[in-house]
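> kindly return the folded structure for what I paste below:
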Amino acid sequence: ALEAELGSLPRVTERLWAANRDVASVCALLSETEEMLLEVEIGFKVDQLYARDNETKLATRSAELAHREEVERMEAFRRAMAVEAQNSQVTQKSRQEIALEEELNRDLKVIRKAARKQAKAQLAA
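Purely as a prediction, here's the structure:
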C-alpha cells in the first residue's frame, strides 16, 4: 500500500504543478481583466471630464453671447435715447423760436400802432 501511495506521488505532484499553473494562469487572466476594467473606468471618467469641459465651454460661450447681446441692446437703447434727446432739444428749440417770433410780431404790431398814432398826431398838429 505504501508503495502504491509512493507510486502515485509523482502523478499527484504533476497534478499539483498543473493545478498551480492553472491557478497562476487564472490569476494572470484576472489581473489582466482587472487592468482592462480599470482602463475602461479611467476612460469613462476622462470622457465625463471632456463632456463637463464641453458643457462649461458651451455655457461660457452662451454667457458671452448673452452679454454681447445685452451690451448691443443697451447701446441701441443709448443711441435711441440720444436721438430722442436730440429731437426733444430741437423741438424745445423750435418752441422757443416760435415763442420769440410771436413776441416779436406782437412788439412789431405795438410799434406799428404807435407809429400810426404818432403819424396821425403829427398830421393833426
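
> flag every buried residue along stretch 1-14.
For stretch 1-14, the buried set under the neighbour-count rule, 16 or more other C-beta atoms under 10 Å, is empty. Just so you know, the C-beta spots here come from the backbone N, C-alpha and C atoms, and that holds for glycine as well.

> state the mean pLDDT of it.
For stretch 1-14, mean pLDDT rounds to 85.

> show me what contacts the most centrally placed residue in the chain?
When C-alpha atoms, centre = their mean is applied to the chain, the residue found nearest the centroid is residue 63 (1.0 Å). Applying C-beta atoms under 8 Å, 6 or more residues apart in numbering to residue 63 gives no contacts.

> and what of the one 10 residues further on?
Contacts for residue 73 (C-beta under 8 Å, 6+ apart) come out as none.

> give me the distance between it and residue 20.
78 Å (C-beta to C-beta, to the nearest Å).

> likewise for residue 46?
Taking C-beta to C-beta, one finds residue 46 at 38 Å from residue 20.

> good, wrapping up.
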